[in-house]
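# Need a 3D model of the following:
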Amino acid sequence: MESNGFLSRQEVVCPPDLLRRAAGQGPAVTAVVGADYPVVLESVRQAQAVGIITPVLIGSRSGIQVAAQRMGWDISGFEIVEASGEASAAQVGADLASSGAVAMVMKGHVHSDTFMRPLLAKEGGIRGSGRLSHVFHMTVPASNQSIILTDCALNVAPNIRTRIAIVENAVTLAHKLGNAEPRVALLAASESVSEAMPVTQECEQIANHFSTSELSAEAFGPLAFDNIVSTDAAQMKGIDHPVAGGADVIVVPTIEAGNSLFKMMVYFMSACAAGIVLGGKVPVLLTSRADPPAARLASAALGVISVH
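All right, here's what the predicted structure looks like:
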């Protein structure tokens, strides 16, 4: 057992509210890429048991059947698509999504780059007219609060135009989660706009864009992290704005900032990170191979909510 005193020992919990919302939508046919792995199948079983997905299992047929048998799960009623190797399984998932045969695609036990490559292809992938972006819906145990982090996994160093699309995708999801006017914080290292820190200027331009937009949301920035999460910190710095200390969405400037932020919440706070890619023909459930079943289940629930 690890002895790092910063790591949380609490169990990761899938937020009940997310499951309730998803269960009310009915099951979504979901391609599970790389399903021949026990942790993946356990997540799929849980999602199917609560009525939010109907799985199409992609991978080694024998591996899937053996893993299911060891779990005591009867999968005879589900479609299994034989695929040899990660690349083949990923291509099958992308083809099913592109053709409209499935409503969602779930990443199983495959490498993220291999999984995403055919999905992002210009021909035969999931790209539509919008911009693809990734969101994490974050919750912590024993709390009813949630926060959306974006983009932590797909867009590496998004420019202003891309970050505007990232905000739009996140706000659309927030609306589907029942938040009629989400508060969007644009993260930087400082709340002061400075030429020496170009990200602060970009945040200001994005905030100005949404000040005249018809999008039902309140976007504000630049804001340093303390001013995003703490009203006390914001007040001490003279920041008087509804987003300061009360953000529903945090938009990060780079993938490094987002990746670090979400992983700190996961490892230090036992946060449940439900991760999906939005903006394409179908949502993509993009989780880590190290994620517990609770996070995979939450991702499936979030995907179902985003579809409707």
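# At the geometric centre of the protein, which residue sits there?
Computing the C-alpha centroid of the chain and ranking residues by C-alpha atoms, centre = their mean puts Gly275 first, at 2.1 Å.
# Verify the assumption that it is located in a strand.
Yes - the assignment for Gly275 (DSSP: H, G, I helix; E, B strand; the rest coil) places it in a strand.
# Just list the residues touching it, thanks.
Counting by C-beta atoms under 8 Å, 6 or more residues apart in numbering, Gly275 touches His134, Val135, Phe136, His137, Cys152, Ala153, Leu285, Leu286, Thr287, Ala295, Ser299, Leu302. The C-beta positions use only the backbone N, C-alpha and C, and glycine is treated the same way.
# again, only this time at 6 Å
Phe136, Leu286, Thr287, Ser299 (C-beta atoms under 6 Å, 6 or more residues apart in numbering).
# could you redo the residues you listed as CSV and give each row secondary structure, distance to Ile255 and pLDDT?
Formatted as CSV, the contacts of Gly275 follow (DSSP: H, G, I helix; E, B strand; the rest coil; distance: C-beta to C-beta, whole Å; pLDDT from 0 to 100):
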residue, secondary structure, distance to Ile255, pLDDT
Phe136, strand, 12, 98
Leu286, coil, 13, 92
Thr287, coil, 16, 83
Ser299, helix, 18, 96
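# What is the nearest of the residues you listed to His209?
Closest to His209 out of the contacts of Gly275 is Phe136 (23.3 Å), distances taken as C-beta to C-beta.
# Now the phi/psi pair for the closest residue to that closest one other than its chain neighbours, please.
The shortest distance from Phe136 to any non-neighbouring residue, by C-beta to C-beta, 6 or more residues apart in numbering, is to Leu149 (4.4 Å). Here is the backbone geometry of Leu149 (degrees, to the nearest 10): phi -110, psi 140.
# Leu149 pairs with what?
Phe136, Ile250 (DSSP bridges).
# Could you give the number of residues near it?
Counted with other C-beta atoms under 10 Å, the neighbours of Leu149 add up to 26.
# The residue nearest to the centre of the chain and Glu214, how far apart?
28 Å (C-beta to C-beta, to the nearest Å).
# Same question for Gly258.
Counting by C-beta to C-beta, the gap from Gly258 to Glu214 is 27 Å.
# More neighbours: which of the two?
Between Gly258 and Glu214, counting by other C-beta under 10 Å, Gly258 is the more crowded of the two (24 against 5).
# just the helices in the stretch 1-150 of the chain please.
Here the stretch 1-150 of the chain has its helices, by DSSP state H, counting those that start in this stretch, at 16-23, 38-49, 61-71, 86-99, 112-120.
# buried sites along the shortest one?
Buried residues in helix 16-23, counted by 16 or more other C-beta atoms under 10 Å: Leu18, Leu19, Arg21, Ala22.
# okay, the residues you listed in a markdown table with pLDDT next?
Shown next, in a markdown table, are these (pLDDT from 0 to 100):
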| residue | pLDDT |
| --- | --- |
| Leu18 | 95 |
| Leu19 | 94 |
| Arg21 | 94 |
| Ala22 | 96 |
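# what's the farthest-apart pair in those residues?
Leu19 and Arg21 (7.4 Å).
# Sketch out the strands for the stretch 151-300 of the chain, chain order is fine.
183-187, 218-223, 249-251, 272-278, 284-285 (DSSP state E, counting those that start in this stretch).
# What residues does the closest residue to Val81 other than its chain neighbours make contact with?
Using C-beta to C-beta, 6+ apart and skipping the chain neighbours, the partner closest in space to Val81 is Ile58 (4.7 Å). Residues in contact with Ile58 (C-beta under 6 Å, 6+ apart) are Val33, Ala35, Val81, Ala83, Ala89, Val92, Gly93.
# Just the pLDDT for the second one.
In this prediction, Ala35 carries a pLDDT score of 95.
# Not including adjacent chain positions, what is the nearest residue to it?
Closest to Ala35 by C-beta to C-beta, 6+ apart is Leu57, at 4.0 Å.
# my guess is that neighbour meets Gly34, correct?
No - judged on C-beta atoms under 6 Å, Leu57 makes no contact with Gly34 at a distance of 9.6 Å.
# Below-threshold pLDDT in the protein: ranges please.
1-3 (pLDDT under 70).
# top helix in it by residue count?
Ranked by residue count and defined by DSSP state H, the top helix of the chain is helix 160-176.
# re the thing from before, partners of the residue nearest to the centre of the chain in the sheet?
Phe136.
# separation between it and His134?
The value you get for Gly275 to His134, if C-beta to C-beta is used, is 6 Å.
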